[in-house]
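*Asks:* Below is the sequence, then the predicted model.
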Amino acid sequence: MKNYVVVAEDLRKSYNGFEAVKGISFRVKHGIVYGLLGPNGAGKTTTIGMLITLIRPSGGRALVAGYDVLREPQRVRERIGVVFQEPTVDRDLTAWQNMLIHGLIYGLPRRVVEQRIPELLELVGLREHMHRPLRSFSGGMIRRLEIARALLNEPEVLFLDEPTIGLDPQARMKVWEVIEGLRRQGVTVFLTTHYMDEAERLCDRIAIIDHGRIIAEGSPEELKSLVGGDTVYITLDTRESAERLARLLREKSLADTVTVAGSTVVLVARDAPRLVPQVLEAARAAGLEVREVRYTRPSLNDVFVRLTGRSLRDEEGDWRDYMRLRIHARRG
Ligand SMILES: Nc1ncnc2c1ncn2[C@@H]1O[C@H](COP(=O)(O)OP(=O)(O)OP(=O)(O)O)[C@@H](O)[C@H]1O
């Protein structure tokens, strides 16, 4: 257990008989960015709430920084940093004042806090705005300030609940850069998100959560390998050439599946970057003219669709659910 900063074992939460988190287990090692990825309502905020000791689990257990969230909540709180979905700053105060008050409430010595504020604001790119009231800050700047503030007590793990929700693309990018910087410095981060690009870019490991259950866990690469592989498209000059190449590739068993669509050979294989040179060499040796090669790698959304039959993208999910409801309504 010593190697892990966060351990959840069969963790559960019911709200008046409704089980929002249905017995989840995972372990987070030191120094990594760990993501809980899932659609709205999957149970992410409830899970983070239990880990940060704000929501009382109905069952199972969780250890954070080595302490039990139910039995030693105070010890847990001293060792974590938290940024909530909704900002919890005082907009009439400056960045510096917000941080100072937080540090003092935490019981840190004033001298230590005053020394750390400029360092941390530097880390999140806000040092030159230190003495401006937050009223003049954008949403992205406030989020970065909250990250800096949550680091004041040098937490063993930083919890971020949907760190870029509601931010414009540029502001999201800056928050991502801050999180990447923390990872380089070895800070352990536990974040929730429903954005798969965010999870894919930031996380070393991801647990995909749906309807209160973890349905898959692993590195982004491991998760994507569940989909079955990359798709490679090789376009030749004619259909006959494509069929000749397809026969050759089948004989060599280079790919899991080989099909022909017009003058294009379509392959599904585990590792496209390794396969493509071999395919080109086979084509060249047979005197076939390759006009275009491209490949796509599976996304985390493909993984989610494969596991649940639904898309992780909100709009699509909502639309599908809506259509399903309508179809049921008509049938009914
Ligand atoms: N205090 C509560 N009382 C009753 N039901 C709740 C409560 N809090 C959450 N829920 C329900 O539990 C389920 C999980 O909610 P939760 O907020 O943990 O999901 P989430 O994945 O974080 O989604 P979001 O990002 O939209 O908050 C949802 O169906 C939600 O309606």
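*Replies:* Cool, got the structure. Numbers count the residues shown, from 1 in each chain.

*Asks:* Spatially central residue for this protein, please.
*Replies:* Geometric centre of the chain, nearest residue: residue 199, 2.2 Å, by Cα atoms, centre = their mean.

*Asks:* quick one: residue 242 from residue 276, how far?
*Replies:* Between residue 242 and residue 276 the computed distance is 16 Å (Cβ to Cβ, to the nearest Å). Any C-beta I mention is one placed from the backbone N, CA and C, and that applies to glycine too.

*Asks:* quick one: contacts for residue 95?
*Replies:* 121, 126, 129-132, 134, 137, 145 (Cβ atoms under 8 Å, 6 or more residues apart in numbering).

*Asks:* Among the residues you listed, name the buried ones.
*Replies:* 121, 126, 129-130, 134, 137, 145 (16 or more other Cβ atoms under 10 Å).

*Asks:* Including pLDDT and distance to residue 305, could the residues you listed go into a markdown table?
*Replies:* A markdown table is the format used below for those (pLDDT from 0 to 100; distance: Cβ to Cβ, whole Å):
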| residue | pLDDT | distance to residue 305 |
| --- | --- | --- |
| 121 | 97 | 41 |
| 126 | 97 | 39 |
| 129 | 97 | 42 |
| 130 | 95 | 46 |
| 134 | 96 | 41 |
| 137 | 96 | 38 |
| 145 | 97 | 37 |
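
*Asks:* Out of the residues you listed, which is nearest to residue 74?
*Replies:* Of all those, residue 145 has the smallest distance to residue 74: 25.7 Å, by Cβ to Cβ.

*Asks:* returning to what we had before: looking at residue 242 and residue 276, which one has more neighbours?
*Replies:* Neighbour tally, residue 242 and residue 276, criterion other Cβ atoms under 10 Å: the higher count belongs to residue 242, 22 against 18.

*Asks:* What strand or helix carries that one?
*Replies:* Here residue 242 sits within helix 239-252, counting by DSSP states H and E.

*Asks:* same question, residue 113
*Replies:* Residue 113 belongs to helix 110-123 when elements are defined using DSSP H and E.

*Asks:* Which elements pack onto whichever helix or strand comes after that helix?
*Replies:* Downstream of helix 110-123, the next assigned helix or strand under DSSP H and E is helix 139-150. Judged by 3 or more Cβ pairs under 8 Å, 6 or more residues apart in numbering; DSSP states H and E, helix 139-150 is in contact with strand 80-83, helix 95-105, helix 110-123, strand 157-161, helix 169-184.

*Asks:* now for these, which one comes closest to the ligand?
*Replies:* strand 157-161 (7.5 Å; Cβ to the nearest ligand atom).
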